[in-house]
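J.: structure for the following, please:
(one chain, ligands or ions: 2)
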Amino acid sequence: MPGNKYNGHPSIPPNRVERLLRDRELRRFNRTFNSFEELSDGNRESELLENDLRDDNNWDVPPGEELFDAEAAVRALNDGYERNSGMPFKQRLLVVANRLPVSAVRRGEDSWSLEISAGGLVSALLGVKEFEAKWIGWAGVNVPDEIGQRALSKALAEKRCIPVFLDEEIVHQYYNGYCNNILWPLFHYLGLPQEDRLATTRSFQSQFDAYKKANQMFADVVNEHYEEGDVVWCHDYHLMFLPKCLKEYNAKMKVGWFLHTPFPSSEIHRTLPSRSELLRSVLAADLVGFHTYDYARHFVSACTRILGLEGTPEGVEDQGKLTRVAAFPIGIDSERFIRALELPKVQDHIKELKERFSGRKVMLGVDRLDMIKGIPQKILAFEKFLEENTSWHDKVVLLQIAVPTRTDVPEYQKLTSQVHEIVGRINGRFGTLTAVPIHHLDRSLDFHALCALYAVTDVALVTSLRDGMNLVSYEFVACQDSKKGVLILSEFAGAAQSLGAGAILVNPWNITEVASSIGYALNMPAEEREKRHHHNFMHVTTHTAQDWAETFVSELNDTIVEAQLRMRQVPPLLPVEVAVQHYLGSRNRLLILGFNATLTEPVETPGRRGGDQIKEMELKLHPELKEPLKILCNDPKTTVVVVSGSDRSVLDDNFGDYNIWLAAENGMFLRPTKGEWMTTMPEHLNMDWVDSVKHVFEYFTERTPRSHFELRETSLVWNYKYADVEFGRLQARDLLQHLWTGPISNAAVDVVQGSRSVEVRSVGVTKLIGSWGRLFTAEV
Ligand SMILES: O=P(O)(O)OC[C@H]1O[C@H](O[C@H]2O[C@H](CO)[C@@H](O)[C@H](O)[C@H]2O)[C@H](O)[C@@H](O)[C@@H]1O
Ligand SMILES: O=c1ccn([C@@H]2O[C@H](COP(=O)(O)OP(=O)(O)O)[C@@H](O)[C@H]2O)c(=O)[nH]1
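T.: Numbers count the residues shown, from 1 in each chain. Ligands and ions are numbered 1, 2, ... in the order given. This next block holds a predicted model:
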C-alpha cells in the first residue's frame with residue numbers, strides 16, 4: 001500500500017533535521033489520527049489522510065545511493081508510526097527508572113495498596129501519553145516472600161508497572177549508599193562525603209559492586225519483557241550501568257539514557273573513583289540526554305578529558321561508534337494543572353486558604369527535604385527580609401512544604417533537625433500569640449491541595465543550590481494564570497534556563513540578594529507581574545512533558561537511522577580469511593604498513609590527561625611483532641615497506657636490522673632493503689620559512705602544556721594530542737591565524753591541519769609514495 005515503506009523502495013531524508021521534521025509531521029498526524037479514532041472507530045478518512053501525508057513526504061534518494069541496510073534504517077524511522085497495515089500505532093516504550101510511579105504498601109500476605117510516588121521524575125513521566133509505555137522499577141519496598149512478590153506483580157501489572165525486587169542489603173548499599181550518598185551529592189557539586197572519609201572510602205567498593213549488581217537486576221527484568229522494536233528508555237543516575245548491561249545482552253536494542261540531575265563539570269566527575277567505568281557504561285546507549293546544554297557539555301567534556309575520546313557537536317565518538325549527546329529540557333503536563341483548578345474540590349481548597357491567610361501575602365516553598373534544595377538558605381533569607389522590613393511582619397507568611405525523602409541516609413536526617421531548629425528560632429523571634437511567619441510542613445500534599453496552594457501564592461521561592469530542572473517552578477507558573485504571582489528562582493536550577501526571563505533569578509548563597517528579591521517581588525507592580533508571568537506561562541504550556549518524551553524518543557529512533565547511514569561510509573573490515581587465502585596463493589607480495597599506532601606498542605588511553613605520554617612518544621616497535629615481522633621480511637616472495645611521517649633516524653633505530661623498505665617523512669626519503677637513503681626532495685627546496693614558523697610553534701608550545709613540536713627535514717609539525725583537547729583546539733586555531741597573517745603569508749608552503757596537529761611543509765612535499773611506486777614494483 002502507498003506509504004508503507006516496508007514494501008516499497010526505502011527513502012530516507014539524508015539529513016537529520018529533515019528526518020526529524022518528517023517525524024514531527026508524522027507525530028502530529030498520529031495525534032490527529034488517534035483523536036479521530038476516539039471519535040469514530042476505524043475511520044476511513046483518516047486512512048486516506050495518512051496516505052496523502054506520506055505521499056507528500058517522499059524524499060528521493062539520489063541515483064546510485066542505495067542505502068546500506070536501508071530497509072532496516074527505514075524500519076527504525078517508521079517504528080512507532082505504522083502497523084503492518086500502515087495504520088499508526090503507539091510505539092512500545094519501556095521506561096526504566098529506579099522508582100516506579102507508585103509505591104507499594106503491604107496490607108496483608110497477598111494484598112497491596114499502591115500510592116503515587118512524589119518527585120519530579122514521576123510527575124514528568126505521568127504526563128507522557130503518546131506511547132504504549134510500561135514502567136520497570138523498584139516499588140520502594142522489600143518483598144522477601146514469593147507470595148508477596150506474586151501478588152505485588154499482579155497489582156502493579158494493572159498499572160502497567162513491572163517490579164524489580166531489591167532486597168534490603170542491596171537497597172542499603174546501592175540506593176542509600178552509592179546513589180544517594182555518593183552520586184547524588186557529587187552531581188550536585190556537594191563533593192564526595194567529607195565526614196568519616198576513611199569509612200566512606202572503605203565502603204565505596206562494596207557500594208559500587210552493589211550498584212552494578214542492582215543495575216544488572218534491572219537489566220534482567222528489561223530483557224525478560226523486551227520485544228523487538230521496543231524503545232528502552234533508562235532514567236537517571238541510579239542506572240548509569242544499565243545501557244551497557246542491555247547492549248551486551250542485545251546489541252540491537254534501542255537504548256536511550258536520560259539524566260534528571262545536573263551533570264557536573266568534568267573536574268568534579270574526575271574525583272569519583274569509578275569515573276571511567278560509569279562514563280563508558282553510559283556511552284553504550286545510542287542517545288544520552290540532559291536537561292540543559294551545560295550538563296550535556298560537561299558530559300562530553302568528561303568523556304574527552306577522562307576517557308580521551310573525541311567530542312563532536314553530535315556527541316562522543318569512540319572508534320567510529322557515535323553516542324549522540326543532546327539537551328532535552330523536561331516539562332510538565334500543564335493542562336492537567338490548569339484543568340484541576342476548575343474542580344470544585346480545588347476551588348474549595350482555594351477558598352479556605354484565602355480565608356485562612358486573608359490580609360497576608362503568601363510565599364511558598366515546595367521541596368523534597370534535600371540539601372540540594374537550599375531550604376536553610378531560603379529560610380535564613382526570609383528571616384533577613386523580616387529583620388529589615390518590620391512593616392511586613394504580620395503581612396506575609398512563608399508556607400514551606402518539605403517532603404520527607406531518603407530518610408535512611410544520615411545526611412538527610414541531619415538536615416531535618418537543622419531545618420526544624422532554624423524554623424523554631426525564627427517563629428520564636430517574629431511570631432505572635434496568634435500568628436507565626438513560617439508554616440513548615442514535614443509531609444507531602446495530594447495533587448489537588450498542591451494545585452490550590454500554587455494558585456493562592458503571591459511569591460514562590462525556589463532556592464536550590466543545584467537542581468536538574470525543578471518542576472515545582474513550572475507547576476507554580478501553570479497554576480497562576482489568574483493571580484500572576486512572582487517566581488523567585490535559583491540561577492542554579494535547570495529551570496533558570498527556560499524561566500529565567502520571567503522569574504527573578506537569585507544566587508541562593510547570597511542571603512542579602514534573596515532577601516532583597518523577596519521585597520522586590522512583594523512590592524512588584526501588577527503590570528510587571530503580568531508581563532513576567534505571561535512570558536513563563538507561554539513557555540510552560542508549550543514545552544510539555546509530552547513534547548519532551550516525544551522529542552527524546554524521536555531522536556532516539558533517528559539516531560538508529562543515522563547509525564545505519566554512517567555504516568555506509570565505513571569501509572568494511574578486511575575479511576581476514578579471504579586475505580590469508582590470497583596471500584598464500586600469491587607468488588609476489590607487496591605489504592605496505594604504517595608505523596605509528598600500527599606497529600607500535602599500544603598505550604592505554606592516548607590523549608588522556610595523565611596517560612603515559614613518555615611511552616607513547618618513544619615510538620618503539622611492539623616487542624611481540626618483532627619476530628613475525630622478521631619472518632615476513634625474510635620471505636623471498638614478500639616485500640615489506642614501512643611508511644611513516646617520522647624522520648629517518650626513528651625508522652633506522654627501529655628497523656635497521658630488517659630486510660625492509662623504509663619510507664620516512666611520508667615518502668620524502670626512501671631506503672631500500674639494506675640500501676642507502678634516497679630522496680625525491682627537489683635540490684633547491686625553499687626552506688626560508690622554517691625559522692619564522694619555528695618561532696610561532698615555540699611560542700604556542702610554551703603556552704600549551706603537554707604540546708610539542710617536531711622539526712623534520714622538510715616540514716614542521718606542532719602536536720597537541722597530549723594537551724587538553726579543547727584548549728589545544730583553541731590554540732591551534734589561534735596558531736593558524738598567526739601563521740597565515742605572518743610568516744607563511746607569502747611562502748610556498750602547504751598547511752595541513754590534523755585532528756590534533758598542525759603541519760607546515762614546502763609545497764610539493766606531499767605523500768610521495770606514488771612516485772616510488774615504480775621502484776617497489778621493480779623489486780616485487
Ligand atoms: O526517588 P527519590 O529518591 O525519592 O527522589 C525523587 C526524585 O528526585 C530527583 O528528581 C529530579 O528529576 C526532576 C525531573 O526531571 C528534576 O526536575 C529535578 O531537578 C531532579 O532533582 C531524581 O533525579 C529522581 O530520580 C528521583 O526519583
Ligand atoms: O507534596 C508534594 C510536593 C511535591 N510533589 C511533586 O514533586 C515534584 C518535585 O519535582 P522537582 O522537579 O521540583 O524536584 P525533585 O523532587 O524531583 O528533585 C513536583 O512534581 C511536585 O508536584 C508532590 O507530588 N507532592
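J.: strands along the stretch 101-250 of the chain, start to end?
T.: Chain-ordered strands for the stretch 101-250 of the chain, with DSSP state E, counting those that start in this stretch as the definition, fall at 102-108, 111-116, 132-138, 161-163, 231-235.
J.: do the stretch 301-450 of the chain as well
T.: Going by DSSP E, counting those that start in this stretch, the stretch 301-450 of the chain shows strands at 310-312, 315-318, 321-327, 361-368, 396-403, 438-441.
J.: quick check: neighbours of the first one in the sheet, parallel or antiparallel?
T.: Using DSSP bridges, the strands paired with strand 310-312 are strand 315-318 (antiparallel).
J.: residue contacts, the nearest residue to residue 436 once chain neighbours are set aside?
T.: Leaving out its chain neighbours, the residue that sits closest to residue 436 by Cβ to Cβ, 6 or more residues apart in numbering is residue 427, at 4.3 Å. (Glycine included, C-beta is placed from N, CA and C.) For residue 427, the contact set (Cβ atoms under 8 Å, 6 or more residues apart in numbering) comprises 436-438.
J.: follow-up on the earlier one: pick out the shakiest of the strands of the stretch 301-450 of the chain, pLDDT-wise.
T.: Ranked by mean pLDDT, these bottom out at strand 310-312, with a mean of 89.
J.: tell me the buried residues in it?
T.: Neighbour-count burial for strand 310-312, with 16 or more other Cβ atoms under 10 Å as criterion, is recorded at 310-311.
J.: distance from that strand to the middle of the chain?
T.: 13 Å (Cα atoms, centre = their mean, to the nearest Å).
J.: closest to ligand 1 out of the strands of the stretch 101-250 of the chain?
T.: Proximity to ligand 1 (Cβ to the nearest ligand atom) singles out strand 231-235 among the strands of the stretch 101-250 of the chain, at 6.6 Å.
J.: in the stretch 501-650 of the chain, which spans are strands?
T.: Under the criterion DSSP E, counting those that start in this stretch, the stretch 501-650 of the chain contains strands at 504-506, 589-594, 638-643.
J.: and the last one, how far out from the chain middle?
T.: It refers to strand 638-643. Counting by Cα atoms, centre = their mean, strand 638-643 is centred 45 Å from the centre of its parent chain.
J.: cool, and the shortest one?
T.: Centroid separation for strand 504-506 versus its chain: 27 Å, with Cα atoms, centre = their mean.
J.: and for stretch 168-184?
T.: Distance, centroid of stretch 168-184 to centroid of chain: 22 Å (Cα atoms, centre = their mean).
J.: quick check, it touching ligand 2?
T.: No: Stretch 168-184 lies apart from ligand 2 when judged by Cβ under 6 Å from any ligand atom; the minimum separation is 10.0 Å.
J.: specify the beta-bridge partners of residue 310.
T.: residue 317.
J.: which residues touch residue 122?
T.: Residues in contact with residue 122 (Cβ under 8 Å, 6+ apart) are 99, 101, 116.
J.: please tell me how far the closest residue to the last one other than its chain neighbours sits from residue 298.
T.: In space, and not counting its chain neighbours, residue 116 is closest to residue 102: 5.8 Å by Cβ to Cβ, 6+ apart. Between residue 102 and residue 298 the distance, using Cβ to Cβ, to the nearest Å, works out to 33 Å.
J.: likewise residue 395?
T.: Distance of residue 395 to residue 298, computed by Cβ to Cβ: 43 Å.
J.: so how far is the lengthiest helix in the chain off the chain centroid?
T.: In the chain, assigned by DSSP state H, the helix with the most residues is helix 197-225. Centroid separation between helix 197-225 and its chain, computed with Cα atoms, centre = their mean, is 21 Å.
J.: count the neighbours of whatever residue of the stretch 601-750 of the chain ends up closest to ligand 2 for me.
T.: As assessed by Cβ to the nearest ligand atom, ligand 2 sits closest to residue 726 within the stretch 601-750 of the chain, at 30.7 Å. Number of residues near residue 726 (other Cβ atoms under 10 Å) recorded here: 13.
J.: need the three-state assignment for it.
T.: helix (DSSP: H, G, I helix; E, B strand; the rest coil).
J.: was I right to think it contacts residue 302?
T.: No: contact between residue 726 and residue 302 fails when scored by Cβ atoms under 8 Å: they sit 11.9 Å apart.
J.: kindly report the domain assignment for the protein.
T.: Domain assignment for the chain by the TED database gives 92-101+119-148+165-194+201-327, 336-543, 586-603+615-681, 689-762.
J.: so which of the ones you listed comes closest to residue 550?
T.: domain 92-101+119-148+165-194+201-327 (5.6 Å; Cβ to Cβ).
J.: gap between the two ends of that closest one?
T.: The first and final residues of domain 92-101+119-148+165-194+201-327 sit 23 Å from each other (Cα to Cα, to the nearest Å).
J.: quick one: low-confidence parts of the protein?
T.: 1-12, 14, 28-89, 118-120, 123-124, 127-129, 194-202, 602-617, 764-780 (pLDDT under 70).
J.: does residue 507 really touch residue 488, like I thought?
T.: No: here residue 507 lies out of contact with residue 488, judged by Cβ under 8 Å, at a distance of 11.4 Å.
J.: okay, and the common contacts of those two?
T.: Common contacts of residue 507 and residue 488 (Cβ under 8 Å, 6+ apart): residue 514.
J.: neighbour count for the two, which is higher?
T.: More neighbours surround residue 488 than the other of residue 507 and residue 488, with 24 against 14 (other Cβ under 10 Å).
J.: and the more buried one, backbone torsions?
T.: Dihedral pair for residue 488: phi -100, psi 120, per degrees, to the nearest 10.
J.: got the contact list for the residue nearest to residue 116?
T.: Contacts of residue 102 were listed using Cβ under 8 Å, 6+ apart, and they are 114-117, 139, 156, 159, 161.
J.: would you list the buried entries among the residues you listed?
T.: 114, 117, 139, 156, 161.
J.: make sure the fourth one is actually in contact with residue 100.
T.: Yes: the criterion here is Cβ under 8 Å, and residue 156 meets it with residue 100 at 7.0 Å.
J.: overlap of the contact sets of those two?
T.: Counting by Cβ under 8 Å, 6+ apart, the residues touching both residue 156 and residue 100 are 139, 163.
J.: in stretch 626-646, what's buried?
T.: Buried-residue list, stretch 626-646, by 16+ other Cβ under 10 Å: 629, 632-633, 638-646.
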